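Q: Mind folding the following:
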Amino acid sequence: MSERRRGLSGPAGTWVTVAGLVLALAVGLGAVAVRQYESRLLAAGQEATATVSDVLRIRQGYNLQVEFTTATGREVSARLDDFPREPQLKIGDRLHIRYDPDRPDVTLWDVRDPLDFTGATIFLVSLAAVLALASAVFFRLTRRRPRARPRTPPA
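A: Sure thing, here's the model as predicted:
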């Protein structure tokens, strides 16, 4: 009679491994999506001159509330988040920005700071690799064959 495998060395271990690999694939595809989004923004981004309407101090930097007009004539008021530049801009100052024509009130950046999602991409690729490696190691560890126990002769 064969002994039924239980715990993570049985079917549950296989499911955990498959789930880890699927998660690794999803994170890897997320990294690809981030790169495609960055490429699309760089290609489709429009330039405009914005006027600072408010300065909000945060942590070691500040946020800027800016107003500008899109290429289609839409008036937009939006926030530039975590603006690190010094000297600090004042209300009424003008700066050149780029914006996403599909979402100008949400996605915009100062042209002096190039758009760069490299950090996010590296993080996602690293996370995907760690998840895939952990899944492979987990699979290997749960598939070890139990050591044969020495038979003790009946007394």
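Q: by contact count, what packs against the top strand by length along the chain?
A: Looking across the chain with DSSP state E, the single longest strand is strand 46-58. Applying 3 or more CB pairs under 8 Å, 6 or more residues apart in numbering; DSSP states H and E, we find strand 46-58 packed against strand 61-69, strand 75-83, strand 94-99. Every C-beta, even on glycine, is put in place using the N, C-alpha and C of the backbone.
Q: so the longest helix belonging to the chain versus strand 94-99, what angle?
A: For the chain, the longest helix by residue count, based on DSSP state H, is helix 11-44. Going by axes from the mean of the first three to the mean of the last three CA atoms, to 10 degrees, helix 11-44 is angled at 130 degrees with respect to strand 94-99.
Q: Any buried residues in helix 11-44, and which?
A: 13, 17, 20-21, 23-24, 27-28, 30-31, 34-35, 38, 41 (16 or more other CB atoms under 10 Å).
Q: do the same with stretch 117-137
A: Buried, per 16+ other CB under 10 Å, within stretch 117-137: 117, 121, 124, 125, 127, 128, 131, 132, 135.
Q: per-residue confidence at the closest residue to residue 78 other than its chain neighbours?
A: Of all residues not flanking residue 78 in the chain, residue 105 sits nearest, at 4.6 Å (CB to CB, 6 or more residues apart in numbering). Turning to residue 105, the model gives it a pLDDT of 87.
Q: Which residues are in contact with residue 105?
A: By CB atoms under 8 Å, 6 or more residues apart in numbering, the contact list for residue 105 reads 76, 77, 78.
Q: now, which of these sits nearest residue 101?
A: Residue 101 has its nearest neighbour among the contacts of residue 105 in residue 76, at 10.8 Å by CB to CB.
Q: Centroid-nearest residue for the chain?
A: For the chain, residue 120 is the residue whose C-alpha lies nearest the centre (CA atoms, centre = their mean; 4.7 Å).
Q: Assign a three-state SS to that one, would you?
A: Assigned with DSSP: H, G, I helix; E, B strand; the rest coil, residue 120 falls in the helix class.
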